[in-house]
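A.B. asks: sequence and predicted structure below; questions after.
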Amino acid sequence: MSRHWALFDLRIRTPRLELRVPTERLIDDIIDVALDGVHDPAMMPFEFAWTDAPREELPVNTLQFYWSQLAAVTVENWHLGLAVLVDGQVVGVQGVGANRFPLRREVSTGSWLGLRHHGQGIGTEMRSAVLHFAFEVLGAEYALSGAWRDNAASLAVSRKLGYRENGVTRKVRRGQVDEQIELRLSRSAWEQHRRDDIEVDGFERCRYTFGLD
């Protein structure tokens, strides 16, 4: 992957894990984690049911998704699916994105973890890491998230970190209408959970990507 793509230098680190924009090698590792299982097949935590794809199609689908995501990054509209590494091994993905961020100062987040890594506090840690990046480094004023009503784990992480419910949206999940709880975290609420053990490296080289020159 090109040395001219400054986002590859970005690192967000906590004492437990690291977030990075994935190179093709890391995308391969992400695919391996996904093939090993992301959630109970009886429950769908995502609006777009990408994990329902046949096993033989999921690798190509995932590669195409990340290639298109990286190619589409602009100041006006960007989304980063950050690889989550624990002890150097990929365990999942923490997403963060924004539309017209220099004006709106608002980001959205979403994430998933390999099934074998559930229940270890990693979900809270990786969300804390990306929120630090959004609020402390980018200067966000709000962070948005959402989860289906039956996704107790995701809702618990959001509430633990200070999000407040911001309404209910009717969306389609696996061909059926269902309700998603929308959540919003303000800067003042985040500051109550602010941590001093999260580090961000490599941002100066890519700050223009976010319209912050």
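C.D. replies: Yes, it's here.

A.B. asks: could you report the distance from the residue nearest the centre of the chain to residue 70?
C.D. replies: Nearest to the geometric centre of the chain sits residue 95, at 1.8 Å (CA atoms, centre = their mean). Noted for residue 95: a distance of 13 Å to residue 70, by CB to CB, to the nearest Å. (Glycine included, C-beta is placed from N, CA and C.)

A.B. asks: related to what we said a few turns ago, name the residues of the host helix or strand of the residue nearest to the centre of the chain that come out as buried.
C.D. replies: Using DSSP states H and E, residue 95 falls within strand 89-99. Buried residues in strand 89-99, counted by 16 or more other CB atoms under 10 Å: 90-98.

A.B. asks: for residue 29, what are its contacts?
C.D. replies: Applying CB atoms under 8 Å, 6 or more residues apart in numbering to residue 29 gives the contacts 22, 83, 89-90.

A.B. asks: mind picking the two most distant members of those residues?
C.D. replies: 22 and 89 (13.3 Å; CB to CB).

A.B. asks: who's the residue nearest to the centre of the chain bridged to?
C.D. replies: On the basis of DSSP bridges, residue 95 is bridged to residue 81, residue 110.

A.B. asks: what sits against it?
C.D. replies: Neighbours of residue 95 in contact, by CB under 8 Å, 6+ apart: 79-82, 109-111.
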